[in-house]
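> Show me how the following folds:
(4 chains)
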There are 4 protein chains.
Amino acid sequence: MAKPDIEDLKQKLRRFADARDWTQFHSPKNLAMALCGEAGELAAQFQWLTEAESANPTGKALRQIKDEIADVQLYLIQLADKLDVDIHKECARKLRDNARKYPVKKSKGNAKKYTDL
Amino acid sequence: MAKPDIEDLKQKLRRFADARDWTQFHSPKNLAMALCGEAGELAAQFQWLTEAESANPTGKALRQIKDEIADVQLYLIQLADKLDVDIHKECARKLRDNARKYPVKKSKGNAKKYTDL
Amino acid sequence: MAKPDIEDLKQKLRRFADARDWTQFHSPKNLAMALCGEAGELAAQFQWLTEAESANPTGKALRQIKDEIADVQLYLIQLADKLDVDIHKECARKLRDNARKYPVKKSKGNAKKYTDL
Amino acid sequence: MAKPDIEDLKQKLRRFADARDWTQFHSPKNLAMALCGEAGELAAQFQWLTEAESANPTGKALRQIKDEIADVQLYLIQLADKLDVDIHKECARKLRDNARKYPVKKSKGNAKKYTDL
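Alright, predicted model coming up:
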């Protein structure tokens, strides 16, 4: 039986931080700041690539991208955990909100509609 | 049986973008940039709060934080999907790497060790 | 006679990029992305520090902070140059807007008023 | 005689914060976080545009970009002021470092060389 991914990582992260007595550093403020730093590093991987090039990273670049994706995800889970936010539930709700906000008929192929998704 | 959370959201996001013909805008470069913008908005929710205050957001602030957490997660899943990156696998690997990099004995209560987790 | 700082750096940056034939990479989109990455690295310098600690960085941390401050500034000047935006003029205007938006009487010591400055 | 731009804005920002008793919120940590948020908003202006489109923003988009450029600049000056960092001096030094790191002969037209400027 597949365990929910995010719950599994949340449990692992709790054990990791507890064992190192690192929860003292993990205020939501600090975690949000750390997430922002990792998001910046992730963006930096793509900054001089064309959009087409960005679809095919290889070798060292791909390994770094995988690392940054994991870093962003791990901080996001820790931040949500501190604030008792259920990530999957909020994502599902946001998708429903967006479906209403961007009805297929009006949004089809239209980047303008997309500005604040 | 619980479906893996991330896989579920990935499927929903694919259908959402396909229905609106929005995959044309979703190069990894663009998605990384959008994720960065949402991470910045998430950080902005905490910028003038003390660390202690950041642990207890309420009302409108909490709703906005939930929204931003969902936005970051949804872009991260779409970015990983485009690059065929398995988020859960990379997170589990990164946690194992970090366990080696920050052994409990040396890292306990030590923020310095933590600089690039 | 003191030359305006930003103008001086703008001229130097133009010569630097021209000599290396790097203007081809310097679309506003790419420069904004690079700026975001550097801002993330700057934030990362402070993420595990308390607010009080953040006021007194020394040694290697201070050198890295100086580097990141310069990186953010240099990308900002290049971005503004590409879009023909006069940074000093826009800053002076924004300060006047903010003075109206946050009158001294109402804003004194009030972080709430400050949420979107 | 032209006053150095950055010095002029620094003085204005000090008076602005002092009048509102806002210096209490302006730890380097908080200012770096705020800067990150504004950099994210700036990047968001360009995220769905092609590189070519990003060179010609107009109307409302251009006004928002000007606002975000000013916000980033104003937070950067305040952060540097708190840490007693001379922005112009550090930028000039960084440009000299970069000239050595990326010699014209080796760097001409080469994005790879440019990865960590």
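> And for the nearest residue to residue A:99 once chain neighbours are set aside, the neighbour number?
With sequence-adjacent residues excluded and distances taken as C-beta to C-beta, 6 or more residues apart in numbering or on different chains, residue A:99 is closest to residue B:16, at 6.9 Å. Glycine gets a C-beta too; all of them are placed from N, C-alpha and C. Neighbours of residue B:16 under the rule other C-beta atoms under 10 Å in any protein chain shown: 19.
> what do you get for residue A:99?
So residue A:99, with other C-beta under 10 Å, has 16 neighbours.
> Please identify the helix or strand for it.
helix A:87-101 (DSSP states H and E).
> right, is the helix or strand just after that helix up against chain D?
Next along the chain after helix A:87-101, taking DSSP H and E as the criterion, comes helix A:104-107. No. Judged by C-beta under 8 Å from any C-beta of the partner chain, helix A:104-107 and chain D are separated, with a smallest distance of 12.7 Å.
> just to revisit the earlier point, so which bits of the helix holding residue A:99 are buried?
Of all the residues in helix A:87-101, those buried under the rule 16 or more other C-beta atoms under 10 Å in any protein chain shown are A:87-88, A:90-92, A:94-95, A:98-99.
> swap in stretch A:60-79?
Here stretch A:60-79 shows A:61, A:65-79 as buried, counting by 16+ other C-beta under 10 Å.
> Could you grab the helix/strand/coil label for residue A:110?
coil (DSSP: H, G, I helix; E, B strand; the rest coil).
> in chain A, which ranges drop under the pLDDT threshold?
A:1-3, A:111-117 (pLDDT under 70).
> what residue is smack in the middle of it?
Nearest to the geometric centre of chain A sits residue A:73, at 4.6 Å (C-alpha atoms, centre = their mean).
> so does the helix or strand that one falls within get close to chain D?
For residue A:73, the host element (DSSP H and E) is helix A:59-82. No. Residues of helix A:59-82 contacting chain D under C-beta under 8 Å from any C-beta: none, with a closest distance of 9.4 Å.
> ok and that helix relative to helix A:87-101, angle-wise?
100 degrees (axes from the mean of the first three to the mean of the last three C-alpha atoms, to 10 degrees).
> pretty sure residue A:54 is touching residue A:43, no?
No. Using C-beta atoms under 8 Å, residue A:54 is not in contact with residue A:43; the gap is 10.6 Å.
> which residues do the two both contact?
With contacts taken as C-beta atoms under 8 Å, 6 or more residues apart in numbering or on different chains, the residues that reach both residue A:54 and residue A:43 are residue B:32.
> State the number of residues packed around residue A:33.
Residues near residue A:33, counting by other C-beta under 10 Å: 29.
> who's in contact with it?
Contact analysis of residue A:33 by C-beta under 8 Å, 6+ apart lists B:43, B:46, C:43-44, C:46-47, D:29, D:32-33, D:36.
> okay, these in a markdown table with secondary structure and distance to residue B:106 next?
What follows is these, written out as a markdown table (DSSP: H, G, I helix; E, B strand; the rest coil; distance: C-beta to C-beta, whole Å):
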| residue | secondary structure | distance to residue B:106 |
| --- | --- | --- |
| B:43 | helix | 30 |
| B:46 | coil | 30 |
| C:43 | helix | 26 |
| C:44 | helix | 21 |
| C:46 | coil | 23 |
| C:47 | coil | 20 |
| D:29 | helix | 26 |
| D:32 | helix | 28 |
| D:33 | helix | 29 |
| D:36 | helix | 30 |
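> sorry, back to before: what strand or helix carries the residue nearest to residue A:99?
Using DSSP H and E, residue B:16 falls in helix B:5-20.
> If we ignore the residues flanking it in sequence, what's nearest the single nearest residue of chain A relative to chain C?
Of all residues in chain A, the one sitting closest to chain C is residue A:40 (1.8 Å; C-beta to the nearest C-beta). Sequence neighbours aside, residue C:40 is the residue nearest to residue A:40 in space, at 1.8 Å (criterion: C-beta to C-beta, 6+ apart).
> name the element that neighbour belongs to?
helix C:28-44.
> what angle sits between that helix and helix A:28-44?
140 degrees.
> returning to what we had before: same list, the buried residues of stretch A:60-79, but only the ones touching chain B.
Among the buried residues of stretch A:60-79, the residues that sit close to chain B (C-beta under 8 Å from any C-beta) are A:65-67, A:69-74, A:76, A:79.
> wouldn't the residue nearest to residue A:99 be in contact with residue A:100 here?
No. Applying C-beta under 8 Å as the test, residue B:16 and residue A:100 come out as separate, 11.9 Å apart.
> Please report the distance of the residue lying farthest from the centre of chain A from residue C:95.
The outermost residue of chain A, judged against the average C-alpha position, is residue A:105 (28.8 Å), by C-alpha atoms, centre = their mean. Distance from residue A:105 to residue C:95, counting by C-beta to C-beta, to the nearest Å: 44 Å.
> Over to residue A:107?
Counting by C-beta to C-beta, the gap from residue A:107 to residue C:95 is 38 Å.
> now residue A:8
Distance from residue A:8 to residue C:95, by C-beta to C-beta: 49 Å.
> swap in residue A:51?
Taken as C-beta to C-beta, the span from residue A:51 to residue C:95 is 37 Å.
> same deal with residue A:89?
42 Å.
> wait, isn't residue A:9 in contact with residue B:90?
No. Contact criterion C-beta under 8 Å: residue A:9 and residue B:90 do not qualify, at 10.6 Å.
> which residues touch residue A:35?
A:72, A:75-76, A:79, B:39, B:42-43, B:72.
> Now do the contacts for the closest residue to it other than its chain neighbours.
Nearest non-adjacent residue to residue A:35, counting by C-beta to C-beta, 6+ apart: residue A:75, 4.0 Å away. Neighbouring residues of residue A:75 by C-beta under 8 Å, 6+ apart: A:31, A:34-35, A:38.
> Now render these as a markdown table, adding distance to residue B:83.
Below are the contacts of residue A:75 laid out as a markdown table (distance: C-beta to C-beta, whole Å):
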| residue | distance to residue B:83 |
| --- | --- |
| A:31 | 25 |
| A:34 | 22 |
| A:35 | 19 |
| A:38 | 16 |
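> Please identify, among those, the one with the most neighbours.
Going by other C-beta under 10 Å, residue A:35 tops those with 29 neighbours.
> can you tell me how far that one sits from residue A:108?
Using C-beta to C-beta, one gets 33 Å for the distance from residue A:35 to residue A:108.
> re earlier: okay, the angle between the helix holding residue A:73 and helix B:5-20?
Going by the same axes, to 10 degrees, helix A:59-82 makes 110 degrees with helix B:5-20.
> how about helix A:59-82 as PDB, C-alpha atoms only?
Output in PDB follows, covering the C-alpha atoms of helix A:59-82 (Å, rounded to 0.1, in the frame of the first residue of the first chain):
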ATOM      1  CA  GLY A  59      24.700  15.600 -16.300                       C
ATOM      2  CA  LYS A  60      25.900  18.000 -13.600                       C
ATOM      3  CA  ALA A  61      23.100  20.500 -14.200                       C
ATOM      4  CA  LEU A  62      20.400  17.900 -13.900                       C
ATOM      5  CA  ARG A  63      21.900  16.600 -10.700                       C
ATOM      6  CA  GLN A  64      21.900  20.100  -9.200                       C
ATOM      7  CA  ILE A  65      18.300  20.700 -10.300                       C
ATOM      8  CA  LYS A  66      17.300  17.400  -8.600                       C
ATOM      9  CA  ASP A  67      19.000  18.600  -5.400                       C
ATOM     10  CA  GLU A  68      17.300  22.000  -5.500                       C
ATOM     11  CA  ILE A  69      13.900  20.500  -6.100                       C
ATOM     12  CA  ALA A  70      14.400  18.300  -3.100                       C
ATOM     13  CA  ASP A  71      15.600  21.200  -1.000                       C
ATOM     14  CA  VAL A  72      12.500  23.300  -1.800                       C
ATOM     15  CA  GLN A  73      10.200  20.300  -1.200                       C
ATOM     16  CA  LEU A  74      11.800  19.500   2.200                       C
ATOM     17  CA  TYR A  75      11.600  23.100   3.500                       C
ATOM     18  CA  LEU A  76       8.000  23.400   2.200                       C
ATOM     19  CA  ILE A  77       7.000  20.300   4.100                       C
ATOM     20  CA  GLN A  78       8.700  21.500   7.300                       C
ATOM     21  CA  LEU A  79       7.100  24.900   7.000                       C
ATOM     22  CA  ALA A  80       3.600  23.400   6.500                       C
ATOM     23  CA  ASP A  81       4.200  21.000   9.400                       C
ATOM     24  CA  LYS A  82       5.000  23.800  11.800                       C
END
